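Chemist: mind looking at a prediction? Sequence and model below.
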Amino acid sequence: MILSAIEALNEGNGSNKTSISKYIESNYGDLPAGHIALLSHHLNRMKDTGEIVFWKNNYSKPDPNAPPRRGRGRPPKPKDLLSPASSEMAPARPRGRPPKDPNAPPKPVKPKAATAGSGRPRGRPRKMARPAGGITTGTAATTSAAPMTAGSGRPRGRPPKVKAASMTEVSVQN
């Protein structure tokens, strides 16, 4: 039916799906409800087998003398024909990880290395223990007005601005 529709329509660039469908509907009368789906299926199957050629949204009969038409993009890879010797090969491996052998002996447990080679334990180092007497650096630590953190010897934050002695004294002239 499809080939007779393409021949009867005899359009230059081939016939599109709607014109083929209308031709079949007018000539063959009552069609099943799924006619469009059946037509699409058979057109695709005939296109894949090479009975018809699909070019620019039109279907036409293949010309035996014409070179094969190619669309845009990368050309398809050539299909390798299987030789009779390759059919005797083992079947393809199944996908995924192979199952474990229940009869295989268990693997020996390797002892874990305690160090990575540097001699130091992994991770952040532990805090140092606080000395009992505290750290004192001299008179500067005891005279500052800022609060001191326990055991650090230096106050937190920005140090206070030191005022020069010459600026605080005002000289009076008579």
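Modeler: Thanks, I have the structure now.
Chemist: pLDDT below threshold where in the chain?
Modeler: Scanning the chain for pLDDT under 70 picks out 66-71, 82-90, 112-117, 132-152, 165-174.
Chemist: state which helix of it is the longest.
Modeler: Criterion DSSP state H: the longest helix present in the chain is helix 35-49.
Chemist: toward the C-terminus from that helix, list the very next helix or strand.
Modeler: Sequence-wise, the next helix or strand downstream of helix 35-49 (DSSP states H and E) is strand 53-55.
Chemist: by contact count, what packs against that next one?
Modeler: Under the contact criterion of 3 or more CB pairs under 8 Å, 6 or more residues apart in numbering; DSSP states H and E, strand 53-55 touches helix 35-49. C-beta: built from backbone N, CA, C; applies to glycine.
Chemist: and the helix it packs on, how far out from the chain middle?
Modeler: Centre-to-centre, helix 35-49 and its host chain are 35 Å apart (CA atoms, centre = their mean, to the nearest Å).
Chemist: so which elements touch that helix?
Modeler: The contact analysis (3+ CB pairs under 8 Å, 6+ apart) places helix 35-49 against helix 2-9, helix 17-28, strand 53-55.
Chemist: which non-adjacent residue is nearest Ile6?
Modeler: Among residues not flanking Ile6 along the chain, Ser15 sits closest, at 5.4 Å (CB to CB, 6 or more residues apart in numbering).
Chemist: isn't there a helix covering Pro62?
Modeler: No. If the criterion is DSSP: H, G, I helix; E, B strand; the rest coil, then Pro62 is coil and not within a helix.
Chemist: neighbours around it, how many?
Modeler: 12 (other CB atoms under 10 Å).
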